[in-house]
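> sequence plus predicted model, see below.
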Amino acid sequence: MLTYKIHLNKEAEGGYTVSVPALPGCITYGETVDEAISMAKEAIELYIEELRERGETIPDDRNTLEYSLTLEEI
């Protein structure tokens, strides 16, 4: 089982751009959150398939901790 964190960024013109930090260049888009997540799953699967075909290591986020910091504006 592979685990990936995804970042969904709401776009000003609508929809969401999704990036996968563990997979550089793995970026997709969806009109809704659900569509964006579905598109991310598909993009990740295709990315992994390509890595396997090349015989490359498949990274994931199993051992990655994530934390959000909130700072006051200066």
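Yep, that arrived. Residues are numbered from 1 along each chain as shown.

> against residue 16, how distant is residue 59?
Relative to residue 16, residue 59 is positioned 23 Å away (C-beta to C-beta, to the nearest Å). Using the backbone N, CA and C atoms, a C-beta is placed for each residue, glycine as well.

> which secondary structure element is home to residue 36?
Take DSSP states H and E as the rule and residue 36 turns out to sit in helix 33-54.

> can you mark which positions in that helix are buried?
By neighbour count, with 16 or more other C-beta atoms under 10 Å as the criterion, the buried positions of helix 33-54 are 36-37, 39-40, 43-44, 47-48.

> ok, so of the residues you listed, who is nearest residue 10?
Taking C-beta to C-beta as the measure, residue 36 is the one of the buried residues of helix 33-54 closest to residue 10, at 9.6 Å.

> correct me if wrong: the closest one contacts residue 20.
No - between residue 36 and residue 20 there is no contact, the gap being 11.7 Å when judged by C-beta atoms under 8 Å.

> returning to that earlier point: mind listing residues that contact the helix holding residue 36?
Outside of helix 33-54, the residues within contact range by C-beta atoms under 8 Å, 6 or more residues apart in numbering are 2, 4, 6, 8, 15-18, 20, 23, 26-30, 57-58.

> still on that earlier bit, export the buried residues of helix 33-54 to a markdown table and tack on pLDDT and distance to residue 73?
Conversion of those to a markdown table gives the following (pLDDT from 0 to 100; distance: C-beta to C-beta, whole Å):
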| residue | pLDDT | distance to residue 73 |
| --- | --- | --- |
| 36 | 98 | 29 |
| 37 | 98 | 31 |
| 39 | 98 | 33 |
| 40 | 98 | 31 |
| 43 | 98 | 34 |
| 44 | 98 | 35 |
| 47 | 98 | 36 |
| 48 | 97 | 40 |
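
> now for these: which two are most distant?
The widest separation within those (C-beta to C-beta) is 18.6 Å, between 36 and 48.
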